[in-house]
Each structure stands twice: as structure tokens, then as C-alpha cells.
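**Student:** Coordinates for the following, if possible.
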Amino acid sequence: MEFTFRTVFVSDVHLGFRGARAEEFAAFLKRVRCERLYLVGDIVDMWALRQRWTWPVTHNQVVRRILKLAKRGTTIVYVPGNHDESLRPYAGIDLAGIRVAKQAVHRTADGRRFLVCHGDEFDLVVQSSPLLSKLGTLGYDWLVGINRRVNDVRGAVGLGRWSFSQTIKKKVKSACTFISKFEQAVGDEARRRSLDGVICGHIHEPRIDVRDDGITYANCGDWIERASALVEHHDGRLEIVDVERMLREAGWRPDPVEAPEHIEVTEEALHAP
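**Tutor:** Residues are numbered from 1 along each chain as shown. The predicted model follows:
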């Protein structure tokens, strides 16, 4: 079964981070057919790799399948985020059929123009306090690690996934305020540029919202708390898709034979005699 769209936008895959749902992403890439694929930042988690080199075979599958799409003629644009910001100096370069860009403007089939950016440039915490941002990331990673173990137990007894961080985002007032301010800031940038909307990632919260001023805010979501993508249909309509559900309905199941074998190199190992 193939999933066919005009354009696919994905963000926050975080390859190199143990909580990344790379097996599902690789399965999605194997089945998807599209004219354009936008990788909207934090595809590779270089922050996590600096702490502990973790690269399962499923992460290699993702890279191979992205390159295969490029070889087949899919236009691929990589817009780096804060976790893969090391790629930003390479903006304008074509790497094996993947064009790196700091930002992009995408025109939909119905003529609308969207700013495509990761979004960290509009996150005041990231911009004003990088150390605080990294401490927050460490806390988030710890929470995801616990969450993964809880979901392993839930899956063993036939229960669905549950996300700590999603629950916190919905219940903690400061988190809700941060998300609201972020959405306002990126939407305002699209309006300043006389565009119809913005497509971004960064906050791991999939959403499509049309503001009162007509600006469309669209967030791709992530591949840690969930498996989501933003897609453009051939008539220009945008939609958030639940890839986990799509794969399940297509009959896909995780392959225990391809269980994630990890190659890990810690700081201690690097400095060992």
C-alpha cells in the first residue's frame, strides 16, 4: 500500500536519540510517494549524539530511504533546526539530491505561499538562554526515557501509548502560554512577509489553525511523542496525518528481526586508554 501526496512535511525525527520512532519513519518513507519532501529541522539530533553516540540500524534505514526518494526524483529540502544547526552553514548546497536551506517558501497547488522554517528562531528561550534550553532538553529526554518504559508495559498488556509530556503541555499553564506565544510569533513573521501562512516544527505539537487575520499556522508535530506528518494533497489542502494509524491500517507491524541494535559510544569510552 502506498501513501500518495503532493508534498510531505516532517520535523523533529531526532535520529541519534534513543526515543526516536525511526522504525515507523522508515516504514512511512518506504510507502510514501510525493513530489516534494520538506525535512523541517531536528531530523538528526546532534545534541544527543554529542552526549552518547547511539545509531540503531533503523536510523540508517531512514537515511537510505530519504536518499532513495531523492534518486527517484522527489525534490527534498532540508531546513535545519536547533538540534542540527551545524548544517545551517551549508545552506544553498545540494547534498546527494537534498538541498539545504535556512528557510524556504512553499507554494501549494491552490496558489498559497507558506514560510517553511523549523521555528527555533522564534523561541525566546533558545535565542536568549541556550544553556537553559539545553537543560530543558535534558529534562525532556529523561521524561521520554521513562515514558518509553511505561509504554512498553502498556503495550504488553494491550494498552495504547500514553505521553507524559503531552499531558503536561495541556495541564501546565506556563507550557500552554509558551505554545501560544510561539504560534503567535511565527504567524506574525508570515504576515510580515506578506505570506499566507507558516509551516514549522520545534515544539512537538501538531496543529493547523487559521487565525482571524487569515494567516495559517501549521506544525508538523514530531516522531518521539507520536508519529505525525503534515501533508499537502494534490488540491492544495493541508492535513495532519497520524502515521502510526496509517501504518497499522496498511498492515505494517514492527519487525522483531530488525530490532534496534544500538552502537553506543559514551564520553568515558572516547577517553578510555
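**Student:** how about low-confidence regions in the stretch 151-273 of the chain?
**Tutor:** Scanning the stretch 151-273 of the chain for pLDDT under 70 picks out the ranges 151-177, 256-273.
**Student:** can you map out the helices along it?
**Tutor:** Per DSSP state H, counting those that start in this stretch, the stretch 151-273 of the chain carries helices over the ranges 164-171, 173-192, 243-249, 267-270.
**Student:** go on, the stretch 1-150 of the chain?
**Tutor:** Counting by DSSP H, counting those that start in this stretch, the helices of the stretch 1-150 of the chain are 22-31, 46-51, 57-72, 124-128, 130-156.
**Student:** how far away is His14 from Leu49?
**Tutor:** Per CB to CB, to the nearest Å, His14 is found 10 Å from Leu49. Yep, even glycine has a C-beta here, placed from its N, CA and C like the rest.
**Student:** Equivalent analysis for Ser194, please.
**Tutor:** Distance of Ser194 to Leu49, given as CB to CB: 39 Å.
**Student:** Give me the more crowded residue out of these two.
**Tutor:** Using other CB atoms under 10 Å, the more surrounded residue of Ser194 and Leu49 is Leu49, with 17 against 7.
**Student:** For the closest residue to Asp235 other than its chain neighbours, which residues are in contact?
**Tutor:** Counting by CB to CB, 6 or more residues apart in numbering, Asp235 lies nearest to Ala109, which is 5.9 Å off, once chain neighbours are set aside. Shown in contact with Ala109 (CB atoms under 8 Å, 6 or more residues apart in numbering): 6, 232-236.
**Student:** Now which of those residues would you call buried?
**Tutor:** By neighbour count, with 16 or more other CB atoms under 10 Å, these hold 6, 232 as buried.
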